[in-house]
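> Could you work out the structure for the sequence below:
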Amino acid sequence: MKKSILTLASAMLLAFSANAQKVEFEEYKLDNGMHVILHQDKSAPVVITSVMYGVGGKDGSRERTGFAHFFEHLLFEGTENIGRGEWMKIVASNGGKVNANTSKDRTYYYEIFPSNKLELGLWLESARLFHPIIGQEGVDTQNEVVKEEKRQRTRPYSQIVDEISKNLFKVHPYKDPNVGYMKDLDAATLAEFLAFNKKYYVPNNATLVVAGDIDFAATKKMIKDYFGPIPRGADVVREFPKEAPITKEFRAKAYDENIQIPAVIAAYRTPSFKTRDSKILDMISTYLSGGKSSILYKKMVDTKKMALAVQAVNISQQDYGIYALFSLPLGDVTLDDLIKEMDEEVLKIQTDLISERDFQKIQNQFENNYVNSNSSVVGIANSLARYHVMYGDTNLINSEINIYRSVTREEIRAVAKKYLNKNQRLILEYLPKKK
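Presented below is the predicted three-dimensional model:
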């Protein structure tokens, strides 16, 4: 009976997501190379204006790390028509919200406004792109802001990904933290900041997404008026060094004064999130630690009471990914004991097919994630920009779920055998540091 209920629920979810979640959009290019994506949703009088730039922590000189994150702040300093400190005031006084974020691969700015303020949102983003004010006063101000941000990063275990990256990557710029090193920012000249802006913040390296309660014809005219005159920049060309394969397990240690309990991580270098294999690694992560009923949680936390926490995660990136198994010991359990327990479950995936029931459970979770990610116009705007900039295929917002649906249990076993081997990994001990 339970199996029948599960099967029925799965069928209903599949039918709902297949029929009710298709995202309609229109995309085109301006003459200056800027990519535009429009999505209409008249369910609420709200509009999102957003721009995603193809620039992140991996870009720029390795002697000047952290520039993209720095520019996330710097490009709020003002423009020829917007005074210093006025940006947030303009947005708030017009009933809007604004935010931005930077990864190692891209930078994303967006405003949420009442739909009658669409033109204001377009004006703001065009001003940011067309004529930002990049002066020494703004650079000095934002340098202090970034330093304070780094000082406040005291959340326990918050530096783990940086420590993994530093050890897992030897030559690719993923080895450096997204926020960079303060010595690089301190040493940077105004001319270097101006050159970075000229290289990366150009219309042909940007994707504009306008989503919400919009009229297509009126929106297109405003976009042409505000963004059309911005001159095209030089094409952005990237040639990052390639990492040599990892063929022997190696170990490293890192220390954090904000923790009391050590952690251990087994980390593997994996392929780009553009690959099918990366999506299968997503599914393996869900199988191992997606919730309290997952394999590792039930075994190590609930049953054996060896771990306070355990997690498997596929950290997707454009050039290389990171697959990491993480655990915190309970009591006198050693870090090597935790690795041994996690390895046993990985070996099972590499050797045997996971059960049909577990496989269906994974599929249900991905269907649910798909529905949730497209449940708001804000989420849709983000996804449209991300799929175009990062994957080169905007329609993945509709079709990516079909890739997950088509994965087989045999592929899960094969991908685990291909990437999650002991001789292909870093073992990182993340330890308390005395203050």
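> mind listing the helices for the stretch 51-200 of the chain?
67-74, 87-93, 118-130, 136-151, 160-168, 182-187, 190-200 (DSSP state H, counting those that start in this stretch).
> show me what contacts the spatially most central residue of the chain?
In the chain, the centroid-proximal residue (Cα atoms, centre = their mean) is residue 103; its distance is 6.1 Å. Applying Cβ atoms under 8 Å, 6 or more residues apart in numbering, one finds that residue 103 lies in contact with 56, 57, 178, 317. Using the backbone N, CA and C atoms, a C-beta is placed for each residue, glycine as well.
> which stretch among the helices of the stretch 51-200 of the chain comes nearest residue 418?
Of all the helices of the stretch 51-200 of the chain, helix 160-168 sits nearest to residue 418, with 17.1 Å by Cβ to Cβ.
> what secondary structure does the residue nearest to residue 219 when sequence neighbours are not counted sit in?
With sequence-adjacent residues excluded and distances taken as Cβ to Cβ, 6 or more residues apart in numbering, residue 219 is closest to residue 210, at 5.7 Å. Here residue 210 is strand, with the state taken from DSSP: H, G, I helix; E, B strand; the rest coil.
> Same question for the one 4 residues further on.
Classification of residue 214 using three-state DSSP returns coil.
> quick one: it and residue 87, what's the gap?
Note on residue 214: its distance to residue 87, by Cβ to Cβ, to the nearest Å, is 23 Å.
> repeat for residue 241
To residue 87, residue 241 is 37 Å away according to Cβ to Cβ.
> More neighbours: which of the two?
Relative neighbour count places residue 87 above the other of residue 241 and residue 87, with 20 against 10, counting by other Cβ atoms under 10 Å.
> which ones are touching that one?
Under the criterion of Cβ under 8 Å, 6+ apart, the contact list for residue 87 reads 76, 78, 98, 124.
> what's the answer for residue 78, then?
Contacts for residue 78 (Cβ under 8 Å, 6+ apart) come out as 84, 85, 86, 87, 132, 133, 138.
> Can you give me every residue that contacts the second one?
Residue 85 makes contact with residue 78 under the criterion Cβ under 8 Å, 6+ apart.
> per-residue pLDDT, it?
Residue-level confidence at residue 85 comes out at 89, pLDDT.
> List the backbone torsions phi and psi for it.
The phi and psi values for residue 85, taken as degrees, to the nearest 10, are phi 80, psi 0.
> Tell me the spacing between it and residue 301.
48 Å.
> Next, count neighbours for the residue nearest to residue 305 when sequence neighbours are not counted.
The spatial neighbour of residue 305 that comes closest, neighbours along the chain excluded (Cβ to Cβ, 6+ apart), is residue 330 at 6.0 Å. Using other Cβ under 10 Å, residue 330 has 16 neighbouring residues.
> my guess is residue 330 meets residue 309, correct?
No. With contact defined as Cβ atoms under 8 Å, residue 330 and residue 309 do not form a contacting pair (9.2 Å).
> so who does the closest residue to residue 162 other than its chain neighbours touch?
Nearest-residue entry for residue 162: residue 177, 4.5 Å, with adjacent residues in sequence omitted and distances by Cβ to Cβ, 6+ apart. The neighbourhood of residue 177, defined by Cβ under 8 Å, 6+ apart, consists of 57, 65, 66, 162, 165, 166.
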